[in-house]
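In: no sequence for this one, just the structure:
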Ligand SMILES: [Ca+2]
Ligand SMILES: [Ca+2]
């Protein structure tokens, strides 16, 4: 019993410490940048710099910021996905363990596909769902570079 | 775990909510019996207008088609023809000596002409053609179903062996909307028994049992499969003249040849050499399959019916044609390079193929000449057998790339490989012939 | 563990933030006389560490290299060799009969080995080699300049005709930093006279007069030109053994062959047939030039020295090697497809080439056998002349793709075209031989 208690205290302390340090890490690494819409906030992470540079030359630089494509357009969805991505990316960045070149996850690809349709609904309704009821086509198969080249 | 959990709760964050609006006015009701494209055109005027533009004739370096005026006759009322390939390269007559193709063979042109070109080709005079042809030259879906009393396959089986003139009366249009689309959902659909059976045999050869194209093809695959109903190599099986795609051993050129060898199939006996030979026809689907575009998931419709903007909407360009007449929509979405450069890239590929085709043609004609001379000089069938077999192989492989209509673009290296193999066969035939007669 | 983890992570972030700021410390001063890469390594430790990894040996399906242990001898102190290509395909010995290559020819391996492999190849025993070889097998820039008393071209001219053993004493390193980089700006530069003259001749054939690679090449071009100093076809001109790239009529395989025919150049006389033949060597640059990657501006360094992230910096991977050992950095930057799929795409191309190479090899060996038999049976030189000429052409073209090290990847369709042409020559040679002897 005592062992369990001691273990619990140690565990508790460690977890507290971990949480504290995690928050510190988050703040230090400007994890809050995930919560704004400012594209320079993304570029705050140097691994995002290339994408930022490419975006600033893209056809969409004047019409869409990172979040317009990479975050869902609903309030809850936006912050939940930001939470997930913010956690994943901070973790990946700090551990340095991620695939090079960076690849979009299936989860985020769906968000992107949703974002295209959100803005371009009128134009694509005929080809996308339109009269069809079958599966939608992937936009980024033909337009992978609209937001930025790789 | 966290990711999965949250994802499950928030499915709606992807916001694929599209269904709300109605993109078109349903002016008329379309059914599975609506054959006339003009009626479909009431609901889809833009697609219909574009569809009708397949009458346009314009050349590219190796494709498109040229409009040659001609005086209509009773037997053949056409006032415009596409250029004759036989005149462009008379060696083709040697290659096909004794076969209907040596009398008339033209550059292919737009879908609008498919029924009349097939009806009035001089090949019809040269040899009696069966009803099977209409599988790919007419809007045959409704006629099949009618003829089969509701059963597509039964109608198909019935029309195949009919004499052409008789079958011809059952059809009225070249390909129309109903051949590619479900009239209710407008989804793509497969209406051709030849392909349904062919793709099943091919999939079986790849280890996929009981492939059902209606339920198992993805939407992206369908954007090629609708074309693959016709743009493929085929033969007529048995006295029933059943249309069959020779894919049971695979769809590479050599695999089809092996298939034909095994079933000992022969299209005709070569007039000058006596060799049992096979004609290849428009294997676009098969060649495309071996290319990088296919591998990367790029479908026929992506290049030949690319999206275009009309007013506030994007639609598929139903003016099916050479993508080289439409490079900006057909290629530039994927390849961000100038049009002139894209054209140059395509033509570089085509010119290499053309050069090799020329080399292979010379080799084949040399073999045919040698065989002919040996035969006239009294060589025995036994002495000729090896070289005739080489002719059969060289000819089919050359014909494969010759009949394929992209001049190698659909799979550049594979086209070159096939032609190299053809050259090797033809030249070895010449060597063997000399050795056999020593 | 968790705490330690997070702390470590924190430190790591701190480091990343630091990395981002200072590109490098100039620890030592580098000059045009600094030969030792270890000294350069003081300023650029990461590039240096990677550079040293070119000792690694690992196979791919058709490239890389395999480490075969061997007992060192006095004559040849190497304890590890790459696999012998002659053992893998003994037909090569027939192709090269009578030439040094038939005694020893191995798979190429990393840059670290270039000097010792060239020094100790058994080809050195089989035939007396000149100092010219060192142009591409050693860090020869500083030695050239010294030998030429400040004049690079003079040093080059002097070293070329030297007996190998003598010239060998003037060099110490395989390729080093100074061969590719300006010591002050670290910019790429061209240090090889052979290439400076070769590219000038090539550009002249394309209508560009007085091409000066130092001032007229773009940065992206330089990322290929530094490699093209060595990875090219070459011959030794005249008694001065001047290293020359046969590009004055163009750099396609056939254009080089025409050039060689016009200057009546011959590497050796084939031992079995008496044909005057030419050996092709590593025309990577020339083949790449005909491919779509080159056309799209993709340089050698993009694939063989791709950028990689080290901390916060992106640097060029100085571990020059097969990109198929490094697909994520080498290919995925441009191609967003899984590694396994990219590997499969490359290998599909390579397998097609390999298959055609096999076919071409069979054809060539058959011609050689026929020529040999005819010669032994007393055929006259006149009777053999045509077939010998065919052998010369078939051999050079086959050798071109064989010696090229990407197994067709650098330009898939072009490689197939060259091999098809080779096959046609070899088989026609067989036919002509029979006809000449009738
Ligand atoms: Ca055409
Ligand atoms: Ca190697």
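Out: Received it, and whenever you're ready, just let me know what you need. Note that the structure is a prediction, hence the values are computed from the model and not measured. Residues are numbered from 1 along each chain as shown, chains lettered A, B, ... in the order given. Ligands and ions are numbered 1, 2, ... in the order given.
In: Excluding chain neighbours, give the residue nearest to the residue in chain B that chain C sits nearest to in space.
Out: Per C-beta to the nearest C-beta, the residue of chain B with the smallest distance to chain C is residue B:427, at 3.1 Å. Any C-beta I mention is one placed from the backbone N, CA and C, and that applies to glycine too. Distance criterion C-beta to C-beta, 6 or more residues apart in numbering or on different chains; nearest residue to residue B:427, sequence neighbours excluded, is residue C:427 at 3.1 Å.
In: My read is that that neighbour contacts residue B:424, right?
Out: Yes: using C-beta atoms under 8 Å, residue C:427 is in contact with residue B:424, at 6.6 Å.
In: Pull up the overlap in contacts between those two.
Out: By C-beta atoms under 8 Å, 6 or more residues apart in numbering or on different chains, residue C:427 and residue B:424 have these common neighbours: residue C:363.
In: Check chain A for the residue nearest chain B and tell me.
Out: Counting by C-beta to the nearest C-beta, chain A gets nearest chain B through residue A:77, at 2.9 Å.
In: what helix or strand does that residue sit in?
Out: In this structure, residue A:77 sits in helix A:75-95 according to DSSP states H and E.
In: Would you mark the buried spots in that helix?
Out: A:77-82, A:84-90, A:93-94 (16 or more other C-beta atoms under 10 Å in any protein chain shown).
In: Nearest to ligand 2 among those?
Out: residue A:93 (36.2 Å; C-beta to the ion).
In: where does the closest residue to that closest one other than its chain neighbours land on pLDDT?
Out: Closest residue to residue A:93 apart from its sequence neighbours, by C-beta to C-beta, 6+ apart: residue A:45 at 5.9 Å. Residue A:45 carries a pLDDT value of 85.
In: Test my guess that residue A:45 contacts residue A:86.
Out: No: using C-beta under 8 Å, residue A:45 makes no contact with residue A:86, being 10.6 Å away.
In: okay, and for the chain, where does confidence drop off?
Out: In the absence of a named chain, this looks at chain A. Low-confidence segments of chain A, defined by pLDDT under 70: A:1-36, A:75, A:129-134, A:150.
In: sorry, should have said chain B
Out: Applying pLDDT under 70 to chain B picks out residues B:1-24.
In: List, one by one, the residues from it near chain C.
Out: Proximity of chain B to chain C, by C-beta under 8 Å from any C-beta of the partner chain, involves residues B:292, B:295-296, B:337, B:345, B:348-349, B:352-353, B:355-356, B:359, B:363, B:408, B:412-417, B:419-421, B:423-424, B:427-428, B:430-431, B:434-435.
In: Can I have the buried ones of these as a PyMOL selection?
Out: This is how PyMOL selects the buried members of the residues of chain B next to chain C, with burial counted by 16+ other C-beta under 10 Å:
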select buried, chain B and resi 292+295+345+348+349+352+353+356+359+363+408+412+413+414+415+416+417+419+420+421+423+424+427+428+430+431+434
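In: mind listing which of the residues of chain B next to chain C are in strands?
Out: Assigned to strands by DSSP state E, none of these qualify.
In: Pull the distance from stretch B:164-174 to the chain's centre.
Out: How far stretch B:164-174 lies from its chain's middle: 21 Å, per C-alpha atoms, centre = their mean, to the nearest Å.
In: Buried residues in that stretch, which are they?
Out: Quick answer for stretch B:164-174 (16+ other C-beta under 10 Å): B:164, B:167, B:168, B:170, B:171, B:173, B:174.
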